[in-house]
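Visitor: Predicted coordinates and the sequence they were generated for:
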Amino acid sequence: MILYDYILSPSCYRVRLLAALTGQVLTLRPVDFHPGGEHRGAALRALNPAGTIPILTDGDLVLTESTAMLAYVAALSAPEWLGEDDAPMRARVAQWLAFSARLTVAAGGARAHDMFGGPGDIAALRRAATAALRELEAALDARRRRGGVFLAGDRPTIADIACFPHVALAPDGGLPLASYPSIRLWMRAIRALPGFIEMPGIHRLHELLPEPGPQPDVIRKEAI
Ligand SMILES: N[C@@H](CCC(=O)N[C@@H](CS)C(=O)NCC(=O)O)C(=O)O
């Protein structure tokens with residue numbers, strides 16, 4: 001299984017992270033995304049006419065959407081990450097995978113603007129990203145009140161992995177996370193998963209702010 005990869009890409013990191021968490025071996029094929037723009041060249045356009053990375057190939061299979069890659073890696077190596085226990089859980093996974101596409105456009109767009117001179121109206125991108133972060137904070141806060149940490153159920157799924165990178169890297173796009181305590185606890189829980197790997201900007205001990213608090217009783221009992 002070959003991942004056309006760029007070390008600073010949150011979408012590529014989604015796939016690397018799930019593979020590491022599930023024990024799936026990937027062959028990484030580095031792409032000169034910046035400054036080379038290799039993803040827009042003829043060779044990679046032949047694989048992905050949209051001119052984006054990541055691209056995942058496995059034999060004849062070519063995938064060009066990172067959420068589909070998450071589903072594929074999970075199906076092969078750890079199906080419990082698909083979150084298919086029951087209809088509501090499946091639906092929540094689908095819901096958050098769709099939400100992750102909004103994060104890619106808004107938070108990812110703001111970061112690409114600030115880091116690589118990417119296109120778009122930075123104020124509009126930050127507004128859209130802030131709306132998405134508030135939505136995520138409210139949903140995670142509601143789950144915490146019921147004693148949960150993850151998006152779709154009582155364990156992490158591909159939905160968490162799809163959303164995590166763009167949220168964790170939001171500060172690179174001028175979107176600080178200090179005022180989102182439930183998001184910060186959720187990120188902590190993901191970073192504590194066995195097999196977690198880092199990317200530049202996302203580290204095990206990246207969050208140096210104090211623990212968000214005070215917590216409801218149900219949360220204080222959890223070992224976060
Ligand atoms: N739908 C794609 C989007 C991935 C995406 O936005 N990739 C960025 C890099 S993180 C990209 O290739 N952008 C093209 C460009 O900026 O030229 C996915 O999730 O796989």
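Guide: Structure received.

Visitor: Can you give me the buried ones in the helix or strand encompassing residue 129?
Guide: For residue 129, the host element (DSSP states H and E) is helix 122-145. For helix 122-145, burial by neighbour count (16 or more other Cβ atoms under 10 Å) applies to 125-126, 128-129, 132-133, 136-137, 139-141, 143-144. In short, each C-beta sits where N, CA and C put it, glycine included.

Visitor: Can that helix be said to contact the ligand?
Guide: No. With Cβ under 6 Å from any ligand atom as the measure, helix 122-145 is seen stopping short of the ligand, the closest distance being 12.9 Å.

Visitor: My understanding was that residue 76 contacts residue 24; is that so?
Guide: Yes. Counting by Cβ atoms under 8 Å, residue 76 touches residue 24, with 6.5 Å between them.

Visitor: quick one, which of these two is more surrounded?
Guide: residue 24 (17 against 13; other Cβ atoms under 10 Å).

Visitor: Around the ligand, pick out the residues from this structure.
Guide: With Cβ under 6 Å from any ligand atom as the criterion, the chain meets the ligand at residues 9-11, 39, 52-54, 65-66, 104, 108, 112, 118.

Visitor: try 8 Å this time
Guide: Residues of the chain lying near the ligand by Cβ under 8 Å from any ligand atom: 6, 9-12, 14, 33, 37, 39-40, 50-54, 64-69, 100-101, 104-105, 108, 112, 116, 118.

Visitor: Least confident secondary structure element in the protein?
Guide: helix 217-220 (a mean of 45; mean pLDDT, DSSP states H and E).

Visitor: how near is residue 31 to residue 5?
Guide: Between residue 31 and residue 5 the computed distance is 6 Å (Cβ to Cβ, to the nearest Å).

Visitor: In this structure, where's the longest helix?
Guide: Selection of the longest helix in the chain by residue count, based on DSSP state H, yields helix 87-116.

Visitor: Okay, angle between that helix and helix 122-145 too, please.
Guide: Inter-element angle recorded for helix 87-116 and helix 122-145: 150 degrees (by axes from the mean of the first three to the mean of the last three Cα atoms, to 10 degrees).
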